[in-house]
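In: Return atomic coordinates for the entry below.
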Amino acid sequence: MDLEQKAIERLKLGSQVSLAHYQKPLLLTYSGGKDSDVCLDLAQRAGIPFEVCHSLTTADAPQTIQHVKKKFAMLEEAGIHCKINYPTYKGKRTSMWRLIEEKLIPPTRTVRYCCAVLKETDGNHRAIITGVRWDESNSRSNRGEFDVVGAKKDRVSVMPEEEHKQLYLSDELYLNNDNDSRRKWMENCVKQRKTTCNPIIDWPNHVLWDYISSEHIEINPLYQCGFHRVGCIGCPMAGDRRYFGFQWFPKYEIMYKRAFARMLKRRKSRLADNTIWETADDVWNWWMGDKNLDGQIEMKGVRKEIALREED
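Out: Predicted coordinates:
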């Protein structure tokens, strides 16, 4: 079974589980990136019912937002329900800039409150489709074709092709193969608030790009401008590629520095010891040098911000 067919079979199985356990179709969390576009095309080819949502992070490039709106307009014409979710925090509308001020520390690779608030709230009590792939980073090597998201994340491994032939769903949604690792995923669906189906988890980069080319999938125009990823501008997970993003979108540097200035003002009223940074430029230089994580965590005062964030 080739990778395309495997992905489609995963989507079909995920759809059955979603409809039975949650009484709702699969929800495709659409970022506006190439992986999301491939998952969208595969879901349509699978012939399953599904809905689509996009989390507005407030730090995405304008081209990404335009691409999302264009795709959503096409999907809605085809009768597929789409929704853009606006971020909230403590019951109020928020943004990346307000969160920085609230949390008293910029987001880093180890303090990722931005993802938790701006991106990861979609699909509670749902089964969702993501474009997660092992080829993206080493940190995603612990993900499986199906994941249970809850107090403890469980990975369900990719199954050999011969085991696919033994799968079936009864009224109780049990598999006839007691040793099948997917059974654990389905039995836990009821207990967990969110489960994920990752149909292209095992797709290498060259397979992804070949599929985009062969199926003539329209993708975010930023990829033609030298961008390797199209997430939030300034995301610490992008490493040195952040500089490239700020060259394209210099207004975002201004917005971050303004948020840092408000953050510093609020720190003075919240913290007795405020000697880490004096100016917004000090914060910026520290933040853009986000390489030595151990050094950052040990910096005087940073543990206070993390503790405050956890209390919030």
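In: going forward, measure contacts and count neighbours with C-alpha atoms only.
Out: Fine.
In: Low-confidence stretches in this protein?
Out: Low-confidence segments of the chain, defined by pLDDT under 70: 1, 137-141, 149-193, 272-275, 290-312.
In: what's the longest strand in it?
Out: In the chain, taking DSSP state E as the definition, the longest strand is strand 50-55.
In: Name the residues that touch the longest helix along the chain?
Out: Longest helix in the chain, counting residues (DSSP state H): helix 250-270. Contacts of helix 250-270 with the rest of the structure, by C-alpha atoms under 8 Å, 6 or more residues apart in numbering, involve 59, 97-98, 100-102, 104-106, 233-234, 246, 274, 277-281, 283-284.
In: In helices only, show me those.
Out: Applying DSSP H to the contacts of helix 250-270, the entries found in helices are 97-98, 100-102, 246, 280-281, 283-284.
In: Need those residues in a markdown table (columns: neighbour count and distance to D37).
Out: Below are the ones in helices among the contacts of helix 250-270 laid out as a markdown table (neighbours: other C-alpha atoms under 10 Å; distance: C-alpha to C-alpha, whole Å):
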| residue | neighbour count | distance to D37 |
| --- | --- | --- |
| W97 | 20 | 28 |
| R98 | 15 | 30 |
| I100 | 21 | 30 |
| E101 | 20 | 33 |
| E102 | 20 | 34 |
| F246 | 15 | 25 |
| A280 | 18 | 37 |
| D281 | 14 | 37 |
| V283 | 21 | 36 |
| W284 | 16 | 33 |
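In: Which two of those residues have the greatest separation?
Out: The largest separation in these, counting by C-alpha to C-alpha, is between E102 and F246 at 23.4 Å.
In: where do the strands sit along the stretch 51-200 of the chain?
Out: Remark: strands assigned in the stretch 51-200 of the chain by DSSP state E, counting those that start in this stretch are 82-85, 88-89, 92-93, 126-129, 146-149, 154-156, 194-197.
In: any idea which of the ones you listed is most buried?
Out: Mean neighbours per residue, mean count of other C-alpha atoms under 10 Å, is largest over these for strand 126-129, with a mean of 27.
In: Chain neighbours aside, what residue packs nearest to L3?
Out: Leaving aside its sequence neighbours, L3 sits nearest to W203 (C-alpha to C-alpha, 6 or more residues apart in numbering; 7.0 Å).
In: show me the contacts for that neighbour.
Out: Going by C-alpha under 8 Å, 6+ apart, W203 touches 3, 133-135.
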